[in-house]
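Visitor: can you look at this prediction? I've put the sequence above it.
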Amino acid sequence: MTESPTVPPGKRSRGRETAGDMVRSLAAVLVLVGVIVAFSLADQPDPVVPDIDYADALAQAREQAREQGSYDVLAPRPLPAGWQVTSARLRPQEAEAVTWHLGLVTRSGAYAAVEQTDGGRDGFVEQFTGSARRAGTVEIAGTTWRRLEDGDPEDRALVSGAGGVTTVVAGSASWEDLEQLASLLRP
């Protein structure tokens, strides 16, 4: 007959742990993880939103549109107080189309953009609105804009198709902010 090893009092032999031992070990690990997560979240700085000077990109877009005799490239004048321009560029869409993008962050931190092209309308609008549903129209500074909402990637959009040029003002910004942006667009 084999003898079992002698275990000192208060100690359990390996493989004889109880459910209570496992719960206490798990609780200790969870406390440690909680402390690490709390420290990591507390040290996160606010995201920095770049504020760019878009004058050169706008001048380039206007020059290219003028050379092709296509349209007046629009930008907000003046920029609403507290808004920041985060991106501005010409984007190739079609060989002879001039496509302009201006991305902004509103005073409340929401996203808004001006997208403009003299290329194909349907595919262009769908890039920003996906399967958005119509939400009526609105008259802004003498131009009728079609409202689209619940789109993807942009939540809301205003679309104008005046003079063979498609202009989209879209983003996560409120209708009020998008309409304000549309009202400030100037050539």
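Guide: It's in.

Visitor: who are the contact partners of the closest residue to Asp53 other than its chain neighbours?
Guide: Leaving aside its sequence neighbours, Asp53 sits nearest to Val85 (CB to CB, 6 or more residues apart in numbering; 7.8 Å). To be clear about C-beta, it is placed using only N, CA and C from the backbone, and glycine gets the same treatment. By CB atoms under 8 Å, 6 or more residues apart in numbering, the residues touching Val85 are 51-54, 79, 102-104.

Visitor: lowest-scoring secondary structure element of this protein by mean pLDDT?
Guide: helix 19-42 (a mean of 84; mean pLDDT, DSSP states H and E).

Visitor: returning to what we had before: can I assume the residue nearest to Asp53 sits in a helix?
Guide: No. Looking at Val85 with DSSP: H, G, I helix; E, B strand; the rest coil, it is strand, so not inside a helix.

Visitor: distance-wise, check it relative to Ala61.
Guide: Distance of Val85 to Ala61, given as CB to CB, to the nearest Å: 14 Å.

Visitor: what do you get for Val29?
Guide: 56 Å.

Visitor: between those two, which one's more packed in?
Guide: Comparing Val29 with Ala61 by other CB atoms under 10 Å, the one with more neighbours is Ala61, at 24 against 9.

Visitor: dump the residue contacts of that one.
Guide: Ala61 makes contact with 73, 90, 98, 100 under the criterion CB under 8 Å, 6+ apart.

Visitor: closest to Asp150 out of these?
Guide: Set against Asp150, the nearest of those by CB to CB is Trp100 (25.4 Å).

Visitor: I'd assumed Leu90 was in contact with the closest one.
Guide: Yes. Trp100 lies in contact with Leu90 (CB atoms under 8 Å); the separation is 6.2 Å.

Visitor: neighbour count for the two, which is higher?
Guide: A count of neighbours by other CB under 10 Å puts Trp100 above the other of Trp100 and Leu90, at 26 against 17.

Visitor: which intervals of this protein have sub-threshold pLDDT?
Guide: Scanning the chain for pLDDT under 70 picks out 1-15, 42-49, 92-95.

Visitor: so where do the strands sit in it?
Guide: Along the chain, the stretches classed as strands by DSSP state E are 75-76, 84-90, 99-105, 111-117, 133-140, 143-149, 156-160, 166-171, 185-186.

Visitor: which one of the ones you listed is the most hemmed in?
Guide: The highest average neighbour count among the strands of the chain, using mean count of other CB atoms under 10 Å, belongs to strand 166-171 at a mean of 26.

Visitor: that one pairs with which strands, and in what direction?
Guide: Taking DSSP bridges as the criterion, strand 166-171 forms sheet pairs with strand 111-117 (antiparallel), strand 156-160 (antiparallel).
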